[in-house]
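S.K.: got a sequence here, can you model it:
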Amino acid sequence: MGQPVREYLLTLCVTVAVTYLLTGPVRKFAIAAGAMPEIRARDVHREPTPRLGGIAMFGGLCAGLLVADHLKNLNGVFELSNEPRALLSGAALIWLIGVLDDKFEIDALIKLGAQMIAAGVMVMQGLTVLWIPVPGIGTVALTQWQGNLLTVALVVITINAVNFVDGLDGLAAGMVCIAAAAFFLYAYRIWYGYGIEPAAPATLFAAILMGMCLGFLPHNMHPARIFMGDSGSMLIGLVLAAGAISITGQVDPDTMALFAGGERNATHAMLPVFIPLLLPLTIIAIPMADLVLAIVRRTWKGQSPFAADRGHLHHRLLELGHSHSRAVLIMYFWSGLIAFGAVAYSVHSASMWIVLAIALLSAVGLVLLLLPRFTPRAPRWAEFLVPPRYRHAERAAEAAAHDASGREPEPARPVTVGVSGVNGATAVGPRSRFPDRRKAESAR
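M.R.: Reported below is the predicted structural model:
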């Protein structure tokens, strides 16, 4: 194969366009089909919103694979490997279960069984983990049953991690898009930098996954016009897991070790060998942490691990005082920091600047996370330059009243203590609804 940068870009653009154009008609279909569930106690939105966005995303997946099959440099992925067909088979099954769940609310155990079956379908067609790298030991070959069980576990965990984090407008699609971008950079480096062509399917899967998310995001950003539903969240989770499994099962670590020139260099050169299993974990670190915390929290309360609640990380960000959009952007920031930090460290593991940059950005992320707890006040001479929330209480109240009425607020009339005001109110009693009785009578 050549260097198919333009082919990957074309595949990405076609996937984005098809997903974006299909989402509008899918929304109308979802409304007509009644796929607009009632507002639940754990939901953040306040109006019924149609689901089934996964239909458009599955259309983008099919379009991306179809275009890649007809491109010169990417056609070899389909000729030399059965993994794209395995991905399409598993994706079709999990997408169908998701569509039924978006409409009829399938039981959680049935969905779990369907996820295992979809993973089993991909395993039967060769998309499986063949070995795992163990630091200090090297490559450990897995038996057929061990590889199959590890593959099914990785697929199921990734699907549910993405599904659990799908709680705010644009959150799941944006986080998976960031993860896919980081994974694309890693897989493309393994394939083109080391000349290992078996890494090409994972690179293609990452490019298509980015297109699916980017095409759906304009319809799903706050306020969302349509939700991806389980048909979309389970689908993109499966595609993300398929890319990780593909590059883990096909890349030969001995081939990568040939480029090392000494023991120390060999250690650094072998670091990318361990990334296929570590990178998916870093990519879904935020959803995975949310998944583990949710299971522990619900089990501790005596509930089912699949019972819905409002204790997810994005719900806690809202409780801290973040707005909807800011909570989503903070989740984007942490996902990008972990995913791209892992990729950068795999490229230049000996550079201390990368570690320092990650630590500095982590500190910035903590400040942004706790920002609602702090309300800085501007100096009085600069209050007219900042929004009302950063002014002192008196000035902020005056500014708010002025903005609401369009004119300067009237100064408050002093009330003598012990003298009854309007409706018998005093200075230490409740305020009257009307500032003047005559105004109240004229209003009647």
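S.K.: where do the helices sit along the stretch 51-200 of the chain?
M.R.: Using DSSP state H, counting those that start in this stretch, the helices of the stretch 51-200 of the chain run over 54-69, 75-80, 83-104, 108-124, 144-165, 171-188, 200-220.
S.K.: so which of those helices comes closest to residue 7?
M.R.: helix 54-69 (7.2 Å; CB to CB). Yep, even glycine has a C-beta here, placed from its N, CA and C like the rest.
S.K.: what's the angle between the lengthiest helix in the chain and helix 83-104?
M.R.: Longest helix in the chain by number of residues (criterion: DSSP state H): helix 5-33. With axes from the mean of the first three to the mean of the last three CA atoms, to 10 degrees applied, the angle from helix 5-33 to helix 83-104 works out at 20 degrees.
S.K.: who are the packing partners of helix 5-33?
M.R.: helix 54-69, helix 200-220 (3 or more CB pairs under 8 Å, 6 or more residues apart in numbering; DSSP states H and E).
S.K.: tell me the phi and psi of residue 196?
M.R.: phi -100, psi 100 (degrees, to the nearest 10).
S.K.: just residue 72 next, same as before
M.R.: phi -60, psi -50.
S.K.: what's the burial count for it?
M.R.: 10 (other CB atoms under 10 Å).
S.K.: what's the distance between it and residue 7?
M.R.: 7 Å (CB to CB, to the nearest Å).
S.K.: then residue 143?
M.R.: 37 Å.
S.K.: who's more crowded, those two?
M.R.: residue 7 (20 against 8).
S.K.: stretch 295-315 - what's its average pLDDT?
M.R.: Across stretch 295-315, the average pLDDT comes to 68.
S.K.: helices of the stretch 201-350 of the chain, start to end?
M.R.: 229-250, 253-257, 263-283, 285-300, 313-320, 324-347.
S.K.: least confident of those, on average?
M.R.: Taking the mean pLDDT of those, helix 263-283 comes last: a mean of 53.
S.K.: tell me the contacts of residue 217?
M.R.: Neighbouring residues of residue 217 by CB atoms under 8 Å, 6 or more residues apart in numbering: 170, 173-174, 177.
S.K.: my read: residue 87 touches residue 242, true?
M.R.: Yes: between residue 87 and residue 242 there is a contact under CB atoms under 8 Å: 4.8 Å.
S.K.: still on that earlier bit, between the helices of the stretch 51-200 of the chain, which one is nearest to residue 302?
M.R.: Closest among these, once you apply CB to CB, is helix 108-124, at 16.5 Å.
S.K.: mind showing which ranges of this structure have poor pLDDT?
M.R.: 1-3, 38-46, 133-139, 249-288, 291, 304-315, 319, 321, 349-351, 369-444 (pLDDT under 70).
S.K.: follow-up on the earlier one: most tightly surrounded among the helices and strands packed on helix 5-33?
M.R.: Burial of the helices and strands packed on helix 5-33 is given as mean neighbour count (mean count of other CB atoms under 10 Å); helix 200-220 ranks first at a mean of 27.
S.K.: that one versus helix 83-104: what angle between them?
M.R.: Angle between the axes of helix 200-220 and helix 83-104 is 30 degrees (criterion: the same axes, to 10 degrees).
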